[in-house]
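Undergrad: Predicted model and sequence below, questions to follow.
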Amino acid sequence: MYYRTRNYFSKSHIDWPLFIGIIAVSILGLFVLYSATEDIQVIYRQCPRIGFALLLMAGIAQIPPRFFRWVAPLLYFGAVTLLTCVLVLGDISKGGQRWLDLWIIRFQPAELTKLAVPLMLARYLDDQILPPKFRHLIIPFILLAVPFLLIAKQPDLGTAILILSSGVFIIFFSGITWKMILTLISTAAAALPLLWYFMRDYQRQRVLTFLDPGQDPLGSGYQIIQSKIAIGSGGLHGKGWLNGTQSHLEFLPEQATDFIFAVFGEEFGLLGGLFLLALYLYIIIRGLSIGVAAQDTFCRLLAGSLIMTFFVYIIVNIGMVTGILPVVGIPLPLVSYGGTSLVTLMIGFGILMSIQTHRTLLHR
Amino acid sequence: MPNLQTIKDHFKENRIYLNRTVAASVIVIIVFLILTVRLFFLQIYQHELYTTLSLNNQVRVAPIVPARGIIFDRNGIILAENKPAFSLELTPERSNNIKETLTALRKIISISENEQQTFLKQLKYKRRHESIPIRLNLTEEEVAKFVIEKHRFPGVDVVARLIRYYPLGEAVSHVLGYIAPINEKELETLDPIVYRGTYHIGKTGIEKYYEDLLHGKVGYQHIETDARGRTLRILGRTPPKPGTNLHLSLDSRLQQAAFEALGELKGAIVAIDPRSGEVLAMVSKPSFDPNLFTKGIDPTTYKELNTSPEKPLFNRAIRGQYPPGSTIKPLVALQGLTVGTITPDYQIWDPGWYQINGKGRLYRDLVYFKTKKGHDHVNLDRALMHSCDTYFFSLAHRLGVDHLHHIYTQFGLGKETKIDMSGELPGFVPSRHQKYKNRKDPWYPGDTLNIGIGQGTLLATPLQLAQVSAILANKGSYYQPHLVTALSYPGETPKPLPTSNPSTIPLPEQHWETVLASMKKVVHEPGGTAYKISPGLKYQMAGKTGTAQVFNLKQNEKYEADKVKAHLRDHSWFIGFAPAENPQIAIAVLIENKHTKSASSIVRSFLDPYFASLEQK
């Protein structure tokens, strides 16, 4: 006997535990953003973006997961087509053309791809017997490689990494054997030099700079040195909100976007940093538990991939700012200034909420 | 597709998933622990190191802007250089009260309302530790005045900067272009590291075309500052690499003489050395002072320049597209001779007008409007000398539009000359195909007559006509026009750029001779359309005059300059080269809306001194 739960929480289709975590990080983010820019106008611009993204999230949460399953191929092939368009148009106008001017908003096809790839892979693997045999993985690999290469060619290494990890986690959650995982990891490691070949000069420069920050004192090496000084000088308690001295130094525009964690670390110290990591951990655990509670394979794979991609966002960004990973243009989720990746993230959370709140429960 | 032979085992899949979630959680926790350890390492273990770095001595990396390349003319005269200039700048972080400081400053140094507005605008965008200019170009007196009272103005400094200076001002502004502050659109496409500390960028002309070479490579220095941002000492320095110097083919004396020759008239002059394609002079009038832009032009002056009906910012020499008028008749003649439509002896009877197949509309000769009669018997020589329209109506009609299109295109009309300047326009050569495509209108025989005398939709720039003149001078062999002939780095001898190979228009030698002989008579024989400039001429010159109609007269209307509104008056052309036997310079002169002076009448005022100076050498 099946019946739909009728309590207040599930009627709104919002997953409140997840929602509270998101709101907490966003509010914290606004405070850091204000300190990083000292400009209230920036906050006035960021707030409507957050509001819009939250509304979008709530809207997406109303849609039952079977719709996402249905729309996945459409989104996927649409995204690949748009990526190809961008690449072709971009070649004409020289240089990294990532935007398409559509309607009233400027639109980045790469953002759509961040959602389309996990949706498509989840749907494909849902149709297979799990755990998949190696031959069942050939098509997922192709589905993953095409958008990955198109985006890496733009060049947008940050987004490409996020898309790659979303696909990798789907395959991981589908239950391939550990032996196969190890084989794949070693193959990937062997293919790393190939990646070097695909990289643009400035990307290679960033990797070299990561290995030796002193080499490029005006470019990204300077960023890493400065962000380490900022974070390190923060100490246990931090210098206090608005009291960061390093962030007021000549520090490049990215202190409001990709490098915002440096401002945070300087002003709130180790305790603040741990608090933020704890909030993120809370969101991730909630996301994973949504995956476990999900009722079909499509929802499970999708939920696991979405939340683990969120996790990759965090580690790549904080790893870069603290100097343990190379500089890759990935924002700190829910904190960095900007609207594009925020909207995509919130849609992802909307999908998670939909998975959680559209379950049909057995009567106990 | 679900495999039909085996059934999905949901419980098994659920169990695998749970298994993997546990593994993922372990990964998450391990990575978060690594991040925690990293933060602990930076913020606790290395805290003292970084505190020292951040608080006591702050090492800042400051860019050192490279000096922009200098531009010389062919004789080594400086056309664009960098002059040190003092500017008054304020660093918001170190100022106690910006408004009060500003009011007090205005009492000892004049700061205009405009400058104050610009400053306040920048104040909003810049970071608090970046200095913002209040006034540029302080006089030494003002610097002295300020230095005495400097203690009263915390955060205000006199800063020495290099400012672009164009010694010849208006005379070369259209060729060189100018540099001006980088705007937001340019900011998006520039490499922020290459342009750190640079506020200006080439906007037009040579300055824009050679921006990459002129800019140079930024250097940097490590500055040790105290906690308040004051410089304590400089730790290390990587010097900037200054921009490359450019050596132009321009002759600045000829350039200035040509500039003065045009006087108050609107128009353009281009002079090319036909032996190499080097541009010797390029003038467009009215002009503007490029030094206005480097200082930071105030909005009112800019608006005035930009909206003036005289269009002083418009480079007529490469962007002005006008009907070439009778100046292209030598080309039509060459094609007629080559195809065999005419011979040099071929004659027609000119009653003062032409009718297609002897009936219909009268296409009147320009002379008819003045004298009410034609040229009587006309052969090719007389037709060129007197610029007889009737003869060329007849020739154009017999040749047909395709032959005209062919010869015009061969002489480079309708496409850019690819000179090394930004913003060149291609002009236009109409064709049957294009007219049908654009207007869905067939080609009429009347259209052929019009473009046969250089009117109608045929358009050319003064640069293109100077090139036509150079090609005629060289009897068909020509070089791509260019301005930069050599590059040099400060303190080094100039390295000449490789010269390009000449191209040729292969036409029989005797046809060139025929046409050039007639062009010489245009200047040197009584009755030639430019004969009035010949008295006292010490060198041989060949030329061709032309008139570009701005609007079309009705069939029986008479053109009277006085009665026509100034901006609708005809344009006057002259193309020519000298010395006729061994050409060293080929020119094109355009005067817009002529009233009193024709283009040919001003030619000698810059060519005479030019040849005089050549003899002195």
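TA: Thanks, I have the structure now.

Undergrad: Now chain B against chain A: closest residue?
TA: Residue of chain B nearest chain A, by CB to the nearest CB: residue B:50 (2.8 Å). Quick note: C-beta positions are derived from backbone N, CA and C, even for glycine.

Undergrad: So for that residue, what's the pLDDT?
TA: Looking at residue B:50, its pLDDT reads 86.

Undergrad: and the closest residue to it other than its chain neighbours, what element?
TA: Counting by CB to CB, 6 or more residues apart in numbering or on different chains, residue A:232 is the residue found nearest to residue B:50 once chain neighbours are left out, at 2.8 Å. Following DSSP states H and E, one finds residue A:232 within helix A:220-234.

Undergrad: quick revisit: separation between the residue nearest to residue B:50 and residue A:322?
TA: To residue A:322, residue A:232 is 9 Å away according to CB to CB, to the nearest Å.

Undergrad: Tell me, how many residues neighbour the residue of chain B closest to chain A?
TA: By other CB atoms under 10 Å in any protein chain shown, 21 other residues sit near residue B:50.

Undergrad: can you check the one 4 residues further on too?
TA: Around residue B:54 there are 23 other residues, counting by other CB under 10 Å.

Undergrad: cool, and residue A:113?
TA: There are 29 residues near residue A:113, going by other CB under 10 Å.

Undergrad: Show the subsequent helix or strand relative to the strand or helix carrying it.
TA: Taking DSSP H and E as the definition, one finds residue A:113 inside helix A:109-126. Downstream of helix A:109-126, the first helix or strand assigned by DSSP H and E is helix A:138-152.

Undergrad: and that following helix, which residues are buried?
TA: A:140, A:143-144, A:146-148, A:150-152 (16 or more other CB atoms under 10 Å in any protein chain shown).

Undergrad: Contacts for it, please.
TA: A:76, A:79-80, A:83-84, A:87, A:110, A:113, A:116-117, A:120-121, A:124-125, A:159-160, A:163-164, A:167-168, A:170-171, A:198 (CB atoms under 8 Å, 6 or more residues apart in numbering or on different chains).

Undergrad: do the same with stretch A:31-40
TA: A:42-43, A:46, A:241-242, A:244, A:247-248, A:255-256, A:260, A:263-264, A:267, A:335, A:337, B:128.

Undergrad: Surely residue B:221 is in a strand?
TA: Yes: with DSSP: H, G, I helix; E, B strand; the rest coil as the criterion, residue B:221 is part of a strand.

Undergrad: thought residue B:602 was touching residue B:262?
TA: Yes: at 6.8 Å, residue B:602 counts as touching residue B:262 under the criterion of CB atoms under 8 Å.

Undergrad: residues bridging contact with those two, i.e. touching both?
TA: residue B:591.

Undergrad: Tell me which helix or strand in chain A has the weakest average pLDDT.
TA: strand A:2-3 (a mean of 46; mean pLDDT, DSSP states H and E).

Undergrad: give me phi/psi at residue 315?
TA: I'll assume chain A. For residue A:315, the backbone dihedrals (degrees, to the nearest 10) come out as phi -70, psi -40.

Undergrad: wait, chain B
TA: Dihedral angles (degrees, to the nearest 10) for residue B:315: phi -80, psi 100.

Undergrad: And chain B, what are its domain boundaries?
TA: B:10-55, B:61-248, B:252-303+B:314-616 (automatic domain parsing).

Undergrad: quick one: the closest residue to chain B within chain A from residue A:321, how far?
TA: Residue nearest to chain B within chain A (CB to the nearest CB): residue A:232, separated by 2.8 Å. Distance, residue A:232 to residue A:321, using CB to CB: 12 Å.

Undergrad: What of residue B:525?
TA: For residue B:525, the distance to residue A:321 - CB to CB - is 83 Å.

Undergrad: quick one: the helices in the stretch 101-250 of chain B?
TA: Along the stretch 101-250 of chain B, the stretches classed as helices by DSSP state H, counting those that start in this stretch are B:113-125, B:140-148, B:173-176, B:184-189, B:205-209, B:211-215.

Undergrad: repeat for the stretch 251-364 of chain A
TA: Using DSSP H, counting those that start in this stretch, helices in the stretch 251-364 of chain A cover A:260-293, A:297-321, A:340-357.

Undergrad: What residues of the first one count as buried?
TA: The one in question is helix A:260-293. So for helix A:260-293, counting by 16+ other CB under 10 Å, buried means A:260-270, A:272-274, A:276-277, A:279-291.

Undergrad: Buried ones in whichever helix or strand residue B:513 is part of, by neighbour count?
TA: According to DSSP H and E, residue B:513 maps onto helix B:509-524. Using 16+ other CB under 10 Å as the test for burial, helix B:509-524 gives B:511-512, B:514-516, B:518-524.

Undergrad: helix/strand/coil for residue B:572?
TA: Per three-state DSSP, residue B:572 ends up strand.

Undergrad: Skipping its backbone neighbours, what lies nearest residue B:313 in space?
TA: The shortest distance from residue B:313 to any non-neighbouring residue, by CB to CB, 6+ apart, is to residue B:305 (5.5 Å).

Undergrad: quick one: buried residues of stretch B:419-428?
TA: Buried, per 16+ other CB under 10 Å, within stretch B:419-428: B:419-422, B:424-428.

Undergrad: Just give me how far it sits from the chain centre.
TA: 8 Å (CA atoms, centre = their mean, to the nearest Å).

Undergrad: Mean pLDDT and distance to chain B added to the helices of the stretch 251-364 of chain A, as a markdown table?
TA: Converted to a markdown table, those look like this (pLDDT from 0 to 100; distance: least, CB to the nearest CB, whole Å):
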| stretch | mean pLDDT | distance to chain B |
| --- | --- | --- |
| helix A:260-293 | 94 | 4 |
| helix A:297-321 | 94 | 5 |
| helix A:340-357 | 93 | 13 |
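
Undergrad: So which of those helices is nearest residue B:492?
TA: helix A:297-321 (43.0 Å; CB to CB).

Undergrad: now that closest one and helix A:220-234, what's the angle there?
TA: 90 degrees (axes from the mean of the first three to the mean of the last three CA atoms, to 10 degrees).

Undergrad: any idea how far helix A:297-321 is from the chain center?
TA: 6 Å.

Undergrad: Helices along the stretch 451-600 of chain B, start to end?
TA: B:462-473, B:509-524.

Undergrad: Reformat those as TSV; add mean pLDDT.
TA: Listed next are the helices of the stretch 451-600 of chain B as TSV, based on pLDDT from 0 to 100:
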stretch	mean pLDDT
helix B:462-473	95
helix B:509-524	92
